[in-house]
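**Q** the sequence and its predicted three-dimensional model are supplied below.
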Amino acid sequence: MKSTHEESEIDLLVADRRVAADGVVALTLRHPAGEELPAWEPGAHVDLILTEDLTRQYSLCGDPADRSSWQIAVLQESDGRGGSAYVHDKLNPGTTVRVRGPRNHFPLEPADRYLFIAGGIGITPLLPMLEAATAAGAEWQLVYGGRTAASMAFVADLRAAHGDRVVLRPQDEHGLLDLEALLGAPAGDTLVYCCGPGPLLDAVEERCSSWPSGALHTERFTPKEQGEPVLSGAFEVELAQSGLTLTVPPDRSILEVVEDAGVQVLSSCQEGTCGTCETAVLGGQVDHRDSLLTDEEKAANDTMFVCVSRAACPKLVLDL
């Protein structure tokens, strides 16, 4: 699950801003001195450090071969937590923003055939995947839904570049995506990549439950619903590097307890969706409560996200 490339933290210039759809702005970010930006691969995202207390994650949706700029697209969410409003209101050409990354927990795996499913702004991480799949000679189809045609970003670019490989399904014209028709019959040679709102991802996961293990790859912008923790009481965490053993009570996260003890852990979303606080597990069993790891990765029990995940045993040993 670790990013392919080491993360950096740099101040970038907003070089261009354009309206990509109703409520969506696309920003082009460049180094103020014209330096090359860190390399990235399809599926990667970056953190925008907007204020001291406001950091948000956005998928890179441009061309990975273009090291001169990064592109992101941001939907203005009326019921959001302030990140999209800040981007829409304050990030204009000529302004600077601190950016951390890139980080990739949604990589494109090799396959002969792909089915890409996008809902709304979930199109962003899939855009460079389409180009990569085309370059690799793979067969693919994109099914892209949104509330209305006007709300769906990059539609003209997609049509021009890929023609009938792209199936557009605005909800006001076609209703909800017909997932049964798309996913009802498992295809052994196909990988499914899906990004969008939680209900879409939940429905796709349900229909892919009979597909081969590892066929479905998803990325969530909001956390997945979780049940009750495995342990209702406190547990211990041993920090192997720091030589500390700490008690984590039921009402606090591992991240909070570790930071209170003076051990700094890079973190961002605090909800198990961004991957920033990924920590190696050296001992014990984890109660995984994130929205990132696959079932296979959870079973490996060698990494966890300490902002939300907990212990499934009396004591965890972490590489901190």
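**A** In hand now; what should we look at?

**Q** what about the helices in the stretch 51-200 of the chain?
**A** Here the stretch 51-200 of the chain has its helices, by DSSP state H, counting those that start in this stretch, at 83-90, 126-135, 155-162, 171-174, 179-183, 198-207.

**Q** Ala73 contacts Asp157, correct?
**A** No - using Cβ atoms under 8 Å, Ala73 is not in contact with Asp157; the gap is 11.2 Å. To be clear about C-beta, it is placed using only N, CA and C from the backbone, and glycine gets the same treatment.

**Q** those two - which one has more neighbours?
**A** Ala73 (23 against 12; other Cβ atoms under 10 Å).

**Q** state the distance from that one to Ala21.
**A** In this view, Ala73 and Ala21 are 8 Å apart by Cβ to Cβ, to the nearest Å.

**Q** so what sits against both of these two?
**A** Taking Cβ atoms under 8 Å, 6 or more residues apart in numbering as the contact rule, Ala73 and Ala21 both touch 153-154.

**Q** so what's Glu225 up against?
**A** Gly198.

**Q** again, but for Phe305
**A** Neighbouring residues of Phe305 by Cβ under 8 Å, 6+ apart: 272, 275, 277-279, 290, 292-293.

**Q** nearest residue to it other than its sequence neighbours?
**A** Distance criterion Cβ to Cβ, 6 or more residues apart in numbering; nearest residue to Phe305, sequence neighbours excluded, is Asp290 at 4.3 Å.

**Q** tell me the phi and psi of the one you found?
**A** phi -90, psi 180 (degrees, to the nearest 10).

**Q** measure it to Leu91 for me?
**A** Counting by Cβ to Cβ, the gap from Asp290 to Leu91 is 28 Å.

**Q** ok, those two, which is more surrounded?
**A** Neighbours per residue, other Cβ under 10 Å: of Asp290 and Leu91, the larger number sits with Asp290, 29 against 20.

**Q** I'd guessed the more buried one sits against Ser309; true?
**A** Yes - between Asp290 and Ser309 there is a contact at 5.7 Å, judged by Cβ under 8 Å.

**Q** shared neighbours of these two, anything?
**A** Residues within reach of Asp290 and of Ser309 at once, by Cβ under 8 Å, 6+ apart, are Gly272.

**Q** packing partners of the lengthiest strand in the chain?
**A** Counting by DSSP state E, the longest strand found in the chain is strand 8-21. Judged by 3 or more Cβ pairs under 8 Å, 6 or more residues apart in numbering; DSSP states H and E, the packing partners of strand 8-21 are strand 24-30, strand 96-103.

**Q** picking that back up, just name the most buried of the helices of the stretch 51-200 of the chain.
**A** helix 126-135 (a mean of 20; mean count of other Cβ atoms under 10 Å).

**Q** pull the helix or strand with minimum mean pLDDT from the chain.
**A** Within the chain, confidence by mean pLDDT, DSSP states H and E is lowest for helix 295-300 among all helices and strands, at a mean of 90.

**Q** just how off-centre is that helix within its chain?
**A** Relative to the chain's own centre, helix 295-300 is displaced by 18 Å; criterion: Cα atoms, centre = their mean, to the nearest Å.

**Q** with only the CA atoms kept, save it in CSV.
**A** What follows is helix 295-300, C-alpha atoms only, in CSV (Å, rounded to 0.1, in the frame of the first residue of the first chain):
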residue,chain,number,x,y,z
ASP,A,295,-9.4,-7.9,2.2
GLU,A,296,-6.1,-9.5,1.2
GLU,A,297,-4.1,-6.5,2.6
LYS,A,298,-6.1,-6.6,5.8
ALA,A,299,-5.4,-10.3,6.2
ALA,A,300,-1.6,-9.7,5.8
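
**Q** what residues does it touch?
**A** Outside helix 295-300, the residues within contact range by Cβ under 8 Å, 6+ apart are 1, 213-214, 286, 288, 303.

**Q** same thing with stretch 258-271?
**A** Stretch 258-271 is contacted from outside by 47, 55, 57, 100, 222-223, 237, 239, 242, 244, 246, 253, 255, 274, 276-277, 279, 291, 306-308, 320, using Cβ under 8 Å, 6+ apart.

**Q** drop anything exposed from those residues.
**A** Among the contacts of stretch 258-271, those scoring as buried are 47, 55, 57, 100, 223, 237, 239, 246, 253, 255, 274, 276-277, 279, 291, 306-308, 320 (criterion: 16 or more other Cβ atoms under 10 Å).

**Q** and those residues, which of them are in strands?
**A** Those of the buried ones among the contacts of stretch 258-271 lying in strands (DSSP E): 47, 55, 57, 100, 237, 239, 246, 279.

**Q** which pair in those spans the largest distance?
**A** Distances among these were taken as Cβ to Cβ; the most separated pair is Gln57 and Leu246, at 27.6 Å.

**Q** next up, phi/psi of the spatially closest residue to Ala280 that is not a sequence neighbour, please.
**A** Residue nearest to Ala280 in three dimensions, not counting chain neighbours: Asp319, with 3.8 Å by Cβ to Cβ, 6+ apart. When read as degrees, to the nearest 10, the backbone of Asp319 gives phi -90, psi 70.
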